[in-house]
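K.L.:
Dropping the sequence and predicted coords here.
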Amino acid sequence: MNYGDYGMQRFLHLMNNKQQKWAMDMLQDNGYQVQSATFDVIQDNPWASVYRIKTNQGFVFLKCVPLKLSLEARVITILQSEFQANVPSIIAGNKAQHCFLMKDAGVQLHHFFKEQFIPAVLIETLSTYAKLQINSMNEIQQFLDVGVPDWRLKNLPMLYKDLISQESHLLDDGLSKDDIIKLKKLEQKFSSLCAQLSSYNIKDTFSHADFHDKNICIDPDTYQTTIIDLGEVVITYPFFSFLNCLYRAKENFKLTESQYQQLQLACFEPWLEFESQKNLVEIMLIINQCWPIHSSLGEYRLMKSVGKAGFQKLLRQGRFARNLRYWLNQ
C-alpha cells in the first residue's frame, strides 16, 4: 500500500491502531493524499477521540467514540438526507470500530466570537437550528429507531427518579444524604414543571443535548455554520438546547442582562408561529428551572457510555453535584 511521499515506515505507528489504519485506507480509497506523518490530537477524553489529518484536499477529521455514542454518523446521515441540515460532511464510516471520517467545517464559533462577538451570527445560527427542530417535530421516530434517547416530557420525571436513585454515585460525586432526601421530595415539583411545558403548543423534537458555541463551527469567510458533536442528541423539549446555547454565550462573552434579554427575544422569531412572545418568555422561565435536571441527565448519559473504568474516572468531579445543587437552591 502506498502512503505517498512519507512511505510505509513513517506510518508504522498507525498500524497498532485499527481505527487510524482504517482512516488511512479510506482516505486513499477516496482520492486523498495524506501530507502529514502524524495525526494531530484535537480531543482525547473517555467519550471521544478526535484526530486532525492534513491532506491534499485540506484537513479531515477522524472521530472515535464508545459503542453507546456511536449513533453519531447515523444521526448526521438522517439530518443531511432528510432535513438538509448544516452538519459535518462524512467521508466514510466504520460501524465495527465506532469511528468515522469527516471534512473540515471551519473554526469553533467560540473562538470566532473571541475575536469579535457578532449577535447577528448567533441569531442566524439559532434560527437555522430552530427551523431544523420545527421541521423534525413530526419525524422523531426515525431518530428513535437509530437509538437516540427518548427524553420527551412524559419520560423526564421517570428519568429524574432513576437519576436520584443512584445514591452511591451521588454521594461519591459530593452530594450529602440530606441533599438526596430533598431531591426525592422535589420529584412532584419536577413532574409539575414538565406538565406545564406540555400545555404549550410546542412539541418534543430533535435536540442537541450539549448545544453551545463550542459545538458549532463557522466558516470565517462565508459565515456558514455547522453543528458538530452530534453523538449527544436526544428527543426532548426544544428549548433546553436553546437556553443552553444562550446561557453559554452570555457567560462566555460577558453579555449584560439587557443584552441577553434582547438576544433571547430576537431568537424567538421562528417559534412565534406556535406561541406568543409572552408565552415564549414563560416557557423560558420554566426551562430555566428544569435545566439543571436536563444537564445532569446529560452528564449521567455520558458517564454511562464510557464503561466502568471511564465512569469511575469521571465520578467525583462534581458533574452531578453542581447541577443538582443549583436545582435545590432554586
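P.N.:
Thanks, I have it. Bear in mind that the values here come from a model prediction, so they are computed numbers and not experimental data.

K.L.:
Phi and psi next, for T226.
P.N.:
With angles defined as degrees, to the nearest 10, T226 sits at phi -140, psi 130.

K.L.:
Distance check, the closest residue to it other than its chain neighbours against Y223.
P.N.:
With Cβ to Cβ, 6 or more residues apart in numbering as the criterion, T226 has its nearest non-adjacent residue at 3.9 Å, and that residue is A105. No exception for glycine: its C-beta is placed from N, CA and C like everyone else's. According to Cβ to Cβ, to the nearest Å, A105 stands 13 Å off from Y223.

K.L.:
With neighbour numbers in mind, choose between these two.
P.N.:
A105 (21 against 14; other Cβ atoms under 10 Å).

K.L.:
so is the residue nearest to T226 in a helix, a strand, or just coil?
P.N.:
coil (DSSP: H, G, I helix; E, B strand; the rest coil).

K.L.:
so it makes contact with I90?
P.N.:
No: counting by Cβ atoms under 8 Å, A105 does not reach I90; the two are 11.3 Å apart.

K.L.:
contacting residues for I42?
P.N.:
By Cβ atoms under 8 Å, 6 or more residues apart in numbering, the contact set of I42 is 50-52, 61.

K.L.:
Just confirm it is within a helix.
P.N.:
No: read with three-state DSSP, I42 is strand and lies in no helix.

K.L.:
Give me the pLDDT value at it.
P.N.:
If you check I42, the pLDDT there is 93.

K.L.:
Would you check how far apart it and K203 are?
P.N.:
From I42 over to K203 the distance is 36 Å, taken as Cβ to Cβ.

K.L.:
Determine how far the last residue of stretch 23-34 lies from the first.
P.N.:
Terminal residues of stretch 23-34 are spaced 10 Å apart (Cα to Cα, to the nearest Å).

K.L.:
let me redo that: stretch 308-327
P.N.:
27 Å.

K.L.:
who touches it?
P.N.:
If you take Cβ under 8 Å, 6+ apart as the criterion, stretch 308-327 is touched by 46-47, 66, 163-164, 169-170, 172-175, 179, 183, 186, 289, 292-293, 295-296, 299-300, 302-304, 306.

K.L.:
Show me just the buried residues among the residues you listed.
P.N.:
46-47, 66, 163-164, 169-170, 173-175, 179, 183, 186, 292-293, 295-296, 299-300, 302-303, 306 (16 or more other Cβ atoms under 10 Å).

K.L.:
So which of those belong to strands?
P.N.:
Using DSSP state E, no member of these falls in strands.

K.L.:
Can you flag which of the residues you listed belong to helices?
P.N.:
163-164, 169-170, 179, 183, 292-293, 295-296, 299-300, 302-303 (DSSP state H).

K.L.:
Of those residues, which pair is most distant in space?
P.N.:
Greatest spatial distance among these (Cβ to Cβ): D179 and L302, at 21.3 Å.

K.L.:
what bits of the chain have low per-residue confidence?
P.N.:
1-16 (pLDDT under 70).

K.L.:
domain parsing for it?
P.N.:
4-103, 107-329 (automatic domain parsing).

K.L.:
Surely Q80 touches V87?
P.N.:
Yes: here Q80 reaches V87: they are 5.7 Å apart, a contact under Cβ under 8 Å.

K.L.:
In terms of packing, which of these two has more residues around it?
P.N.:
Between Q80 and V87, V87 has the larger neighbour count (other Cβ under 10 Å), namely 21 against 15.

K.L.:
mind checking the SS state of that one?
P.N.:
Following three-state DSSP, V87 is assigned to coil.

K.L.:
got it, and T55?
P.N.:
Quick answer, by three-state DSSP: T55 is strand.

K.L.:
S49: which element?
P.N.:
strand 48-55 (DSSP states H and E).

K.L.:
Using the three-state scheme, assign the residue nearest to the spatial centre of the chain.
P.N.:
For the chain, D210 is the residue whose C-alpha lies nearest the centre (Cα atoms, centre = their mean; 3.5 Å). Three-state assignment for D210 (three-state DSSP): coil.

K.L.:
and the gap between the closest residue to it other than its chain neighbours and N201?
P.N.:
Once flanking residues are discounted, D210 sits nearest to E232: 4.8 Å by Cβ to Cβ, 6+ apart. Distance, E232 to N201, by Cβ to Cβ: 27 Å.

K.L.:
can you pull out the strands in the stretch 51-200 of the chain?
P.N.:
58-64, 90-94, 99-103, 107-108 (DSSP state E, counting those that start in this stretch).

K.L.:
List the buried residues for the longest one?
P.N.:
It refers to strand 58-64. Neighbour-count burial for strand 58-64 [16+ other Cβ under 10 Å]: 60-64.

K.L.:
Distance to F190 added to those residues, as CSV?
P.N.:
Written out in CSV, the entries for these read as follows (distance: Cβ to Cβ, whole Å):
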residue, distance to F190
V60, 43
F61, 38
L62, 40
K63, 34
C64, 36
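
K.L.:
Just name the closest of these to K18, please.
P.N.:
Comparing the buried residues of strand 58-64 against K18 with Cβ to Cβ places C64 closest, at 9.9 Å.
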